[in-house]
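In: Predicted coordinates and the sequence they were generated for:
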Amino acid sequence: MAIETPIAPTRTARERETVTSWRIERLVGAGYAEDAALVLALDREVDLHLAVSLLERGCPPDTALEILF
């Protein structure tokens, strides 16, 4: 069993952080505010492609958040 410490996070924790950072970048790039992007990125139930697609099709970010949650 791997032990996670502040000095050496487990590989899984590092991978999770990398994916979350990537999701935030994609969401901010699509037009979400940083705080909304963080909330969306952390919720793995949120479909990233749908979240981005909504804004690409002209949906306002606030309305998109209501649809996604």
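Out: That came through, no problem. Residues are numbered from 1 along each chain as shown.
In: Nearest spatial neighbour of the most centrally placed residue in the chain, chain-adjacent residues omitted?
Out: Closest residue to the average C-alpha location of the chain: residue 41 at 1.5 Å, with Cα atoms, centre = their mean. Of all residues not flanking residue 41 in the chain, residue 23 sits nearest, at 3.7 Å (Cβ to Cβ, 6 or more residues apart in numbering). All C-beta spots, glycine's among them, are computed from the backbone N, C-alpha and C.
In: That neighbour touches residue 48, doesn't it?
Out: Yes: applying Cβ atoms under 8 Å, one finds residue 23 in contact with residue 48, separated by 5.7 Å.
In: Give me the common contacts of these two.
Out: Jointly contacting residue 23 and residue 48 under the rule Cβ atoms under 8 Å, 6 or more residues apart in numbering are residue 40.
In: Of the two, which one has the most company?
Out: residue 23 (21 against 16; other Cβ atoms under 10 Å).
In: Please identify the helix or strand for that one.
Out: helix 11-30 (DSSP states H and E).
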